[in-house]
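In: give me coordinates for this.
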Amino acid sequence: MKRLHGLALLRFFRLGGLLAATMASPLQAKGIDITLPPPASGASAQVFFSPDAETDQAIAQAIADARRRVWVAGYFFTSSALAKALDQAKARGLDVRVLLDRSQVTLKYSSATYFHNKGVPLWINARYPVMHHKFVLIDADTVGFGSMNFTRAGAQQNAENFNLFRRWPQLASTYAKEFERLQQESEPYRPGMAFDSATQPKP
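Out: Sure, this is the predicted structure:
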């Protein structure tokens, strides 16, 4: 077989018993470039590895320190510590918003009912088979995310990671835009809401 040169990837297909080679162009990533904060900004990254880092307490403290807003996008949310921290932030007059996956509507131990009863603004995203985000946005310059769901098991039992980035407004702004996009395609929570097979809320 003739040797193929270049940086392109080789993909081989067996066609009619013959081996054919085709050239594939490099993948075009669609990521978002985030500017690194200057050293003088005092930006920091704090890394937590569950189950021994008391991650839920660290997130709750960051929420308690918030002065303007706390937005949370979560797939699974059953942590009473974090639910109470969000309720208290709402009582302080902060802009508190919670956005959860559709599975939380019918989950027996979800915090959806708690948030609804406490008046914490809550949206349910049913646009995707799974809305798997796990991030918290605090004020204009702090964002936290990782593998950990906002659950007691995630913080105290599972092998998980969660990272808090402080004094990094460019990163926080990027996550704020994603939160707003998710919110626009979500529905405000209401007791008894259900979803059809097309993953859209029923009236």
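
In: and Ala81, what does it touch?
Out: When the contact criterion is Cβ atoms under 8 Å, 6 or more residues apart in numbering, the partners of Ala81 are 56-57, 60, 152. Yep, even glycine has a C-beta here, placed from its N, CA and C like the rest.

In: got the residues you listed as TSV, with neighbour count, secondary structure and distance to Ala172 columns?
Out: As requested, the contacts of Ala81 are exported to TSV (neighbours: other Cβ atoms under 10 Å; DSSP: H, G, I helix; E, B strand; the rest coil; distance: Cβ to Cβ, whole Å):
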residue	neighbour count	secondary structure	distance to Ala172
Asp56	23	helix	21
Gln57	15	helix	22
Ala60	21	helix	19
Arg152	16	helix	26
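
In: which of these has the weakest pLDDT?
Out: pLDDT is lowest at Arg152 among these; the value there is 90.

In: from what I can see that one touches Gln57, true?
Out: No - counting by Cβ atoms under 8 Å, no contact exists between Arg152 and Gln57, whose distance comes to 11.3 Å.

In: would you map the helices across this protein?
Out: Across the chain, reading from the start of the chain, the helices by DSSP state H fall at 55-64, 80-91, 112-118, 152-156, 169-184.

In: who's in contact with Gln57?
Out: Residues near Gln57 by Cβ under 8 Å, 6+ apart: 81, 155.

In: where in this structure is pLDDT low?
Out: Confidence mapping of the chain against pLDDT under 70 gives the ranges 1-27, 109, 197-203.

In: let me have the contacts of Ala81 in TSV, adding distance to Leu122 as columns.
Out: As requested, the contacts of Ala81 are exported to TSV (distance: Cβ to Cβ, whole Å):
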residue	distance to Leu122
Asp56	19
Gln57	23
Ala60	18
Arg152	20
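
In: right, and out of those, which lies closest to Ser41?
Out: For the contacts of Ala81, the minimum distance to Ser41 (Cβ to Cβ) is 25.2 Å, reached by Ala60.

In: export the helices of the chain to TSV and tack on distance to Leu99?
Out: TSV is the format used below for those (distance: least, Cβ to Cβ, whole Å):
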stretch	distance to Leu99
helix 55-64	15
helix 80-91	12
helix 112-118	11
helix 152-156	17
helix 169-184	6
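
In: those: which one's closest to Met131?
Out: Shortest separation from Met131 across the helices of the chain is recorded for helix 169-184, at 7.2 Å, computed as Cβ to Cβ.
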